[in-house]
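Enquirer: Kindly return the folded structure for what I paste below:
(one chain, ligands or ions: 1)
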Amino acid sequence: MSWDANYGSTWLLGGTRRDIGNPGPPAPLHRNPTSLIPCVGGRRLALVTKDFDHCPVLLTESLQHLNLQPGALVIDGTLGGGGHAEAILERTSPDGVVVGIDHDPEARRAARERLIRYGDRLQTVPSSFRHLDKVLEELGIESVDGVLLDLGVSSYQLDESSRGFRFGGTDADETPLDMRMDPEAKLAAADLLKAASAQQLQDWFQNYGELPGSRRLAKAIVDTRKEAPILTTADLLRVIQEAGIGRGRKHNPATLVFQALRIAVNDELGALRDGLDAAIRVLRPGGRLVVIAYHSLEDRIVKHTLRAAAKGCKCPPATPVCICGGTITMRVITRRPIQPEDEEVKANPRARSGKLRAFERTEAAA
Ligand SMILES: C[S@@+](CC[C@H](N)C(=O)[O-])C[C@H]1O[C@@H](n2cnc3c(N)ncnc32)[C@H](O)[C@@H]1O
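Expert: Numbers count the residues shown, from 1 in each chain. Down below sits the predicted model:
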């Protein structure tokens, strides 16, 4: 088969589906006119295409902390539109390789199209980053020089109303309550609202949205669905309004409810915990892990997981002698999280909550 007949399809590599990574001979660098458009005062680079518009957050800082050399092998566990991946491919020229994981086929398609000129230096894999160690095993790769996780949803996913991540558009009555980043995942947000118990709903709103009035909203959902299913973003907004929660608070309650549901639908926190453990396992000594989190729940998990890896021993503080046998596997590079400068936030308001933390794999065995 010729390369363009293969392009955009997926194939099976052992158990791992893998997008065709070699879409043809590499084109000259910077040929694509939609790439490498200055984004923030010409200092950082926005990598945008017409249909997949996402400005990579903390790009300079990500590259600096990944500390990459030419020829490096890097996992981008959240490929998105390939903004960070593009900069990594540039930095690791001429022969560095990026394994780009994303469970959203639209994201992988956009990244492959934009980065076509890098040929098989970009391998795209449909999977969750929580399985990144298994993905590497399937590819026959033992260890990598860097892992990047730029968490959450892309601007494209947020803006594309059919995905159901945003609320309040004029088409809210037709916007399905979906919120799956992986369209093949079994349960969309509407399914969760249909099946979850009142207690489960309350726990999600409380734990993932820190929503005042979680209990009241959970009850309102259970009462409403007895009359009619909650299927669109407009349906859910009506229930939130009628429940009368969060009035006069700093955050719009709908923002918190949508955040909580999105986290639940995609098991975002479970995936993050697994992904961090997997990243620690696959990094070579001296390899770097960079994580950009967008809310405190994610950032807390990153901070605690990696601090524990940097401490080694997991025994309770009062234990006089270590009995767990834990070894130190990571070194913390950023004592405090790095946040975008005002200039970046002005140019890209969605960067405002980004917090970057970086870590380095130690020499010690895992
Ligand atoms: C913030 S965007 C990444 C943007 C990318 N860094 C860029 O510059 O274009 C996050 C992406 O990660 C993907 N994603 C989120 N959680 C994931 C997971 N557990 N496994 C794989 N992909 C995930 C989303 O589908 C989305 O495309």
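
Enquirer: what number of residues lie near the closest residue to residue 281 other than its chain neighbours?
Expert: What sits nearest to residue 281 in space, not counting adjacent residues and going by Cβ to Cβ, 6 or more residues apart in numbering, is residue 133, at 5.2 Å. Using the backbone N, CA and C atoms, a C-beta is placed for each residue, glycine as well. The burial count assigned to residue 133 is 19, neighbours taken as other Cβ atoms under 10 Å.

Enquirer: Shouldn't residue 133 be within a helix?
Expert: Yes. Counting by DSSP: H, G, I helix; E, B strand; the rest coil, one finds residue 133 located in a helix.

Enquirer: Show the contacting residues for it.
Expert: 278, 281, 282 (Cβ atoms under 8 Å, 6 or more residues apart in numbering).

Enquirer: go on, residue 180?
Expert: 163, 187, 188, 189, 265, 266.

Enquirer: got the residues of the stretch 101-250 of the chain near the ligand?
Expert: By the criterion of Cβ under 6 Å from any ligand atom, the positions of the stretch 101-250 of the chain lying close to the ligand are 101-104, 107, 128-130, 150, 152-154, 181.

Enquirer: Redo the contacts of residue 133 as a markdown table? Include distance to the ligand and secondary structure.
Expert: Output for the contacts of residue 133, formatted as a markdown table (distance: Cβ to the nearest ligand atom, whole Å; DSSP: H, G, I helix; E, B strand; the rest coil):
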| residue | distance to the ligand | secondary structure |
| --- | --- | --- |
| 278 | 11 | helix |
| 281 | 16 | helix |
| 282 | 15 | helix |
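
Enquirer: out of these, which are buried?
Expert: Burial of the contacts of residue 133 was assessed by neighbour count (16 or more other Cβ atoms under 10 Å); the buried members are 278, 282.

Enquirer: And the contacts of residue 133, which is closest to residue 70?
Expert: residue 282 (20.6 Å; Cβ to Cβ).

Enquirer: doesn't residue 103 make contact with residue 79?
Expert: No. Checked against Cβ atoms under 8 Å, the pair residue 79 and residue 103 is beyond contact range at 9.7 Å.

Enquirer: who's more crowded, the two?
Expert: More neighbours sit around residue 79 than around the other of residue 79 and residue 103, counting by other Cβ under 10 Å; the figures are 30 against 23.

Enquirer: Now the spatially closest residue to the more buried one that is not a sequence neighbour: phi and psi?
Expert: Closest residue to residue 79 in three dimensions, ignoring its sequence neighbours and counting by Cβ to Cβ, 6+ apart: residue 100, at 3.5 Å. Dihedral angles of residue 100 (phi, psi; degrees, to the nearest 10) stand at phi -100, psi 110.

Enquirer: how much space between residue 100 and residue 73?
Expert: When distances are taken as Cβ to Cβ, to the nearest Å, residue 100 and residue 73 turn out to be 12 Å apart.

Enquirer: returning to what we had before: so for the residue nearest to residue 281, what's the pLDDT?
Expert: What the model reports as pLDDT for residue 133 is 98.
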